[in-house]
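[1] predicted model and sequence below, questions to follow.
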Amino acid sequence: MSSLRVYIVDTLDKSFTDNREALASSLSAYRRNKLSRFSMTEADKDARHMKATNYDLCLAAGLVTDIGLNSYGLREKDMKYGVTAHGKPVFLNHPDIKFNISHSGHYAVAAFSEEFDPGIDIERCSRISNRIIYSFFSTGERELILSQPTEAAQSLMFGRIWTVREAFMKSTGLGFAAGREGYEAVLKDGRLAINQTLCDGEFGTYEMNPVGEYCISVVAGRNMNSAVQALQ
């Protein structure tokens, strides 16, 4: 994956918190329109907090996209957005640049490539969700988690598997249309890989070092040709 680049933005970083307005004004009309949905007019304190958190993550998604595009000599504000039939985002005016974004907690991450179709996912891996394990994970994945020697190790393996699975779905562009069958994360030489029967070609996986309690995984495969719809 030498031609694949990954970027991360922390919404708690002072350079972010002190410059929200300027950062927002530097982004595309598409991103600013998304930001406008998180107004602060609600009287309920919890609702306001959620709106503020979602605003920051939406802003961070735009910023991390802008940072990634800088490596191509481009800016996010100039991008025209579209989505494939399954919702995978694309740049209509630069379709040669493949990208994917994820956010969780106070982080936003993005993967960029001209060779691969990347999928990226970040999730907090401090605890296990039994609902997810028994509703979505395969028997082999559950056994891999439960075979870990400590609760902390089990939580980490859960986060690793979760992010690899999510990144695979995003890389293919299939999303939840992939269903729960046909693919699973398996351990090979200490690293997670994807076994799958849904698509042609090989899919490479890359697990980044955890950032605090957050796992980050990237999966990249062949270019996917799908019908594209423009976004306003």
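    Now that the structure is in, tell me what you want to look at.
[2] quick check: which element contains the spatially most central residue of the chain?
    In the chain, the centroid-proximal residue (CA atoms, centre = their mean) is Ser102; its distance is 2.5 Å. In the assignment (DSSP states H and E), Ser102 maps to strand 98-104.
[3] who's in contact with that strand?
    Strand 98-104 is contacted from outside by 57, 60-61, 64-65, 68, 88-91, 108-114, 116-124, 166-167, 170-171, 214, 223, using CB atoms under 8 Å, 6 or more residues apart in numbering. Yep, even glycine has a C-beta here, placed from its N, CA and C like the rest.
[4] low-confidence ranges, the protein, go.
    1-2, 39-50, 174-181, 222-232 (pLDDT under 70).
[5] outline the domain layout of this structure.
    4-115, 120-226 (automatic domain parsing).
[6] could you pick out the buried ones from the contacts of strand 98-104?
    Buried by 16 or more other CB atoms under 10 Å: 57, 60-61, 64-65, 68, 88-91, 108-113, 116-124, 166-167, 170-171, 214, out of these.
[7] so which of these belong to helices?
    57, 60-61, 64-65, 68, 166-167, 170-171 (DSSP state H).
[8] out of the residues you listed, who's nearest Arg191?
    Arg191 lies nearest to Ala167 out of those, by CB to CB, at 13.5 Å.
[9] which ones are touching the closest one?
    So Ala167 contacts 100, 102, 118-121, 205, 217-219 (CB under 8 Å, 6+ apart).
[10] which residue ranges of this structure form helices?
    Under DSSP H, the chain gives helices at 14-17, 20-25, 29-35, 45-70, 130-136, 139-146, 151-172.
[11] buried residues in the shortest one?
    Yep, that's helix 14-17 we're talking about. So for helix 14-17, counting by 16+ other CB under 10 Å, buried means Phe16.
[12] how much space separates Tyr134 from Pro149?
    21 Å (CB to CB, to the nearest Å).
[13] likewise for Arg5?
    35 Å.
[14] neighbour count winner among the two?
    Between Arg5 and Pro149, counting by other CB atoms under 10 Å, Arg5 is the more crowded of the two (18 against 7).
[15] nearest to Gly82, out of the helices of the chain?
    Using CB to CB, these put helix 29-35 closest to Gly82, at 10.1 Å.
[16] measure how far that closest one is from the centre of its chain, please.
    19 Å (CA atoms, centre = their mean, to the nearest Å).
[17] how about that helix as CSV, C-alpha atoms only?
    C-alpha atoms of helix 29-35 as CSV (Å, rounded to 0.1, in the frame of the first residue of the first chain):
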residue,chain,number,x,y,z
ALA,A,29,-20.1,24.7,-0.3
TYR,A,30,-21.1,21.0,0.1
ARG,A,31,-19.2,20.7,3.4
ARG,A,32,-20.6,24.1,4.7
ASN,A,33,-24.1,23.0,3.9
LYS,A,34,-23.6,19.8,6.0
LEU,A,35,-22.2,22.0,8.8
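[18] so which bits of it are buried?
    In helix 29-35, counting by 16+ other CB under 10 Å, buried: 30-32, 34-35.
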